[in-house]
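> Please find the sequence and the predicted model below.
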Amino acid sequence: MGNQKRARSRVLKKVKMLRKELIERLKRHKVTVPEDAIRVERKSREELHEMIHRKAEELQREILSMKIPEFVYPSRDPKNIIYDAAQDVIFLKRVYRRSSLGSLQSIRKATIMARILDIVHELLEEGIHATKREVYYNDVTLFEEQRDSDEALEDVAAMMGVDRWSLHVVASAKGAVIGRLVFREGRDIIDCTRMGTGGKAITPLIDTVEIIDSDAEFILVVEKEAAFIRLSEDRFYDKYPCIIITGKGQADIGTRAFLKLLVKELKLPVFGLVDSDPYGVHILLVYAVGSKRLSYESQFLVTPEIKWLGVRPSDLDKYQVPKDVRIPLSARDKIRAQQLLNEPFIKARPKYVEEIKLMLRTKEKAEIQALASKGFRFLTQKYLPMKLESGDWI
């Protein structure tokens, strides 16, 4: 037992140093929205209900005065994205577009936005939440495709100056959590060490979550569910006290918001474990700097402190991953890697640039599961402990 404690202490020494640095940094800084960017807030049910009534009255006055009603809302075009290098976060610039009920080009868009406001009003009055899929099925004839209702939901949120949770519309649960964490979800107490190998599904209703207790030293964000199950089955969090989260691929809003809540409340360092390919890097950066689609609410979702622990392109030779489990980069992979190199938030990370360029030179990629070629428990018993002990993250 004494040897195990000493080994754990040795592995976590640099992690604890990183945590001290993080606590000092969090004291000095929080994400703030620049003056030229769209600012949204979290509003209570009563506040947003009143705002929708005022919006309806405004539209009614325009109709009665023989004016053509229109919606003015932020343009979420990718060209309007702002990268704030000082905060290392992306935001949405104050550029607006209009959808008029009197224009053939925009009448359908304006009608959909009006219907979304009507649906949100009903949810607020009932005091309930709906998934995006349920919203779509509320008026299939008008929406035609879920993409149309999804985009209108985001446009309405940006127009009203609120985050999506304020609308009482959520995405279906996707992420999972396991490890050294106890929290309250509504009236239920959840102990994440007693969740089997699949973990606890992360609720999209983040406002119902209250952190109760944790003795974790760090948070590990895992891209793939398969790697999450390996870490769970080996109870990695018992040997190295941590909280393990997966978004099961590209992270949904609930998973990103849950991670941000954990960092805010527990002040723990965060490490990312993703595939060694351009899409793994992209997933990691969505956690770090935000997504372009939801850049108007980055302050509620981003975790700029996340570190890239693995699997990095330089790890493939360093840890002698066999050549036969590496995968040649596809033409699409190469295009995506070049696109990443052109992003300002990548240029601000010289070590990321080095890793992506190495990937392009070797023309190789690898999944996290490729580490199993070194042994099924190589990930939990060798790779991660060696990385953490040596401070091998960027």
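Looks like it came in fine.
> From now on I want contacts and neighbour counts done on CA atoms only, so please keep to that.
Will do.
> dump the residue contacts of I112.
L142, F143, S149, A152 (Cα atoms under 8 Å, 6 or more residues apart in numbering).
> what residues does stretch 365-381 touch?
224, 226-227, 230-231, 234, 236, 273-277, 311, 313, 316, 321-322, 325-329, 359.
> ok, of those, which come out buried?
224, 227, 230-231, 236, 273-277, 311, 313, 316, 321, 325-326, 329, 359 (16 or more other Cα atoms under 10 Å).
> what's the neighbour count on G247?
When neighbours are defined as other Cα atoms under 10 Å, G247 has 24 of them.
> contacting residues around the closest residue to it other than its chain neighbours?
Leaving aside its sequence neighbours, G247 sits nearest to G175 (Cα to Cα, 6 or more residues apart in numbering; 4.3 Å). For G175, the contact set (Cα under 8 Å, 6+ apart) comprises A201, I202, I245, T246, G247, K248, A251, D252, G254, T255.
> Could you check how far the fourth one is from L231?
As defined by Cα to Cα, to the nearest Å, T246 lies at a distance of 11 Å from L231.
> which residues do these two both contact?
What both T246 and L231 touch, as defined by Cα under 8 Å, 6+ apart, is an empty set.
> Return the residues in contact with the residue nearest the centre of the chain.
Centroid-nearest residue in the chain, with Cα atoms, centre = their mean: R256, separated by 3.3 Å. The contact partners of R256, by Cα under 8 Å, 6+ apart, come to Y287, L301, V302.
> That one and R361, how far apart?
32 Å.
> doesn't E21 make contact with K267?
No: taking contacts as Cα atoms under 8 Å, K267 lies outside contact range of E21: 10.2 Å.
> Helices of the stretch 201-350 of the chain, start to end?
225-233, 236-239, 253-266, 278-289, 313-318, 331-341, 344-347, 350-362 (DSSP state H, counting those that start in this stretch).
> roughly how far apart are I283 and G161?
Distance from I283 to G161, by Cα to Cα: 26 Å.
> re the thing from before, could the helices of the stretch 201-350 of the chain be laid out in a markdown table, adding distance to S166?
Converted to a markdown table, the helices of the stretch 201-350 of the chain look like this (distance: least, Cα to Cα, whole Å):
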| stretch | distance to S166 |
| --- | --- |
| helix 225-233 | 30 |
| helix 236-239 | 34 |
| helix 253-266 | 13 |
| helix 278-289 | 21 |
| helix 313-318 | 40 |
| helix 331-341 | 32 |
| helix 344-347 | 29 |
| helix 350-362 | 35 |
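> Go through those helices and name the closest to Q60.
helix 253-266 (34.3 Å; Cα to Cα).
> how distant is the closest one from the center of its chain?
Put simply, helix 253-266 sits 9 Å off its chain's centre (Cα atoms, centre = their mean, to the nearest Å).
> Check what pLDDT T246 gets.
Looking at T246, its pLDDT reads 96.
> so what's it closest to, chain neighbours aside?
V222 (4.8 Å).
> Bridge partners for that neighbour, pull those for me.
For V222, the beta-bridge partners are T246, L273 (DSSP bridges).
> Surely it and A251 touch.
No: under the criterion of Cα under 8 Å, V222 makes no contact with A251, lying 10.0 Å away.
> what about these two, which has more around it?
V222 (24 against 18).
> Distance check, that one against G247.
7 Å.
> immediately after the helix or strand harbouring L153, which helix or strand?
Following DSSP states H and E, one finds L153 within helix 146-160. Helices and strands here follow DSSP H and E; after helix 146-160, the next one along the chain is strand 169-170.
> Can you give me the neighbour number for the closest residue to V89 other than its chain neighbours?
Among residues not flanking V89 along the chain, V289 sits closest, at 4.3 Å (Cα to Cα, 6+ apart). The tally of other residues near V289 (other Cα under 10 Å) stands at 25.
> cool, and L284?
Counted with other Cα under 10 Å, L284 comes out at 24.
> As TSV, the helices of the stretch 201-350 of the chain with mean pLDDT would be great.
Listed next are the helices of the stretch 201-350 of the chain as TSV, based on pLDDT from 0 to 100:
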stretch	mean pLDDT
helix 225-233	95
helix 236-239	95
helix 253-266	92
helix 278-289	94
helix 313-318	96
helix 331-341	95
helix 344-347	92
helix 350-362	96
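> G249 touches A227, doesn't it?
No: counting by Cα under 8 Å, G249 stays clear of A227, with 11.2 Å between them.
> so what sits against both of the two?
With Cα under 8 Å, 6+ apart as the test, G249 and A227 reach no residue in common.
> So what's the residue count around R184?
15.
> what's the weakest-modelled helix or strand in the protein?
helix 2-28 (a mean of 82; mean pLDDT, DSSP states H and E).
> got the angle for it vs helix 253-266?
100 degrees (axes from the mean of the first three to the mean of the last three Cα atoms, to 10 degrees).
> Against which helices or strands is helix 2-28 packed?
helix 384-390 (3 or more Cα pairs under 8 Å, 6 or more residues apart in numbering; DSSP states H and E).
> Off-centre distance for the helix it packs on?
25 Å.
> who's in contact with it?
R10, V11, L12, K13, K14, V15, L309, W393.
> Tell me which residues touch the fourth one, please.
Taking Cα under 8 Å, 6+ apart as the definition of contact, the neighbours of K13 are E389.
> What distance do you get for it to A7?
10 Å.
> So for these two, which residues contact both of them?
Common neighbours of K13 and A7 (Cα under 8 Å, 6+ apart) do not exist.
> what's around L104, how many residues?
L104, neighbours per other Cα under 10 Å, totals 10.
> I'd like the distance between it and P74.
20 Å.
> Ok, D139 next?
In terms of Cα to Cα, D139 sits 24 Å off from P74.
> And L117, by the same measure?
L117 is 16 Å from P74, by Cα to Cα.
> swap in R349?
Taken as Cα to Cα, the span from R349 to P74 is 29 Å.
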